[in-house]
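J.: got a sequence here, can you build the structure:
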Amino acid sequence: MPSALVLIADGTEEMEFTITYDTLVRAGVDTTSASVGLSTSPYATCSRGVRILPDATLEKLSEAQIDAFDAVVVPGGAKGAETLAGSEAVQRILRKKYEEGKVVGVVCAGSLAAKSAGIGKGKNITSHPSVKGELEGDYQYSEDRVVTDADNLISSRGPGTSFGFALALVERLVGKQKRDEVQGPMVLGDSL
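T.: As a prediction, this is how the structure comes out:
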């Protein structure tokens with residue numbers, strides 16, 4: 001069974017985190033959430049005040065545990081994305097996963113983590129419109145809702161594109177048949 005690491009910090013966009021995490025679990029992906037940079041509380045307080053208790057802290061995951069993940073996901077949310085993109089540990093993990101051909105997923109302002117890690121330069125990427133200008137010089141910027149054609153880097157625009165993003169991750173990790181199996185009962189219609 002493939003596995004995924006979904007990162008979270010104070011200020012992470014809760015829809016991007018929760019929809020991605022839940023959709024991966026529905027597809028049978030062994031999914032772990034890990035916090036980065038939480039100071040006093042074990043909970044991450046997301047961009048709209050939702051509090052989420054991560055499965056682990058990134059600092060406490062061993063190198064072997066991190067190496068075992070088939071995918072790593074960076075959600076957006078301005079403050080959370082800033083924390084994740086600025087973390088040397090996150091940058092190192094993204095570089096290593098990308099170089100190994102593992103799936104790297106970034107959504108919304110989380111796309112800045114790809115830039116700070118130096119991965120996928122010159123390839124197609126998308127993000128929330130608010131950070132488009134920070135990416136255009138290093139990437140082929142796309143207005144598509146989800147971009148899946150940049151090797152193993154999958155990117156998306158924001159909360160409203162989270163289902164399509166999560167399903168693209170599912171398809172890459174466990175195949176189109178599993179994506180269809182998971183998508184049907186979600187009753188998403190043409191919203192993707």
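
J.: state the helix or strand in which G105 lies.
T.: G105 belongs to strand 103-107 when assigned by DSSP states H and E.

J.: mind listing what the closest residue to S35 other than its chain neighbours touches?
T.: Once flanking residues are discounted, S35 sits nearest to P54: 4.2 Å by Cβ to Cβ, 6 or more residues apart in numbering. Every residue, glycine included, has its C-beta placed from N, CA and C. Shown in contact with P54 (Cβ atoms under 8 Å, 6 or more residues apart in numbering): 8, 33-35, 42, 44.

J.: mind doing that once more with 7 Å?
T.: 8, 33-35, 44 (Cβ atoms under 7 Å, 6 or more residues apart in numbering).

J.: now do the strands in the chain.
T.: For the chain, the strands defined by DSSP state E occupy 3-8, 30-35, 44-45, 51-52, 56-57, 71-74, 103-107, 124-125, 140-141, 146-150, 153-156.

J.: mean pLDDT lowest for which of those?
T.: Note on the strands of the chain: lowest mean pLDDT is at strand 146-150, with a mean of 86.

J.: which other helices and strands does it contact?
T.: Counting contacts by 3 or more Cβ pairs under 7 Å, 6 or more residues apart in numbering; DSSP states H and E, strand 146-150 is packed against strand 124-125, strand 153-156, helix 162-174.

J.: what about those, which gets the closest to A81?
T.: strand 153-156 (12.4 Å; Cβ to Cβ).

J.: any idea how far that closest one is from the chain center?
T.: Relative to the mean C-alpha coordinate of its chain, strand 153-156 is positioned 8 Å out (Cα atoms, centre = their mean, to the nearest Å).

J.: neighbouring contacts of that strand?
T.: By Cβ under 7 Å, 6+ apart, the residues outside strand 153-156 that reach it are 98, 103-107, 111, 114, 119-120, 123, 125-127, 145-148, 162, 164-165, 168-169, 172.

J.: no further queries at this time; thank you.
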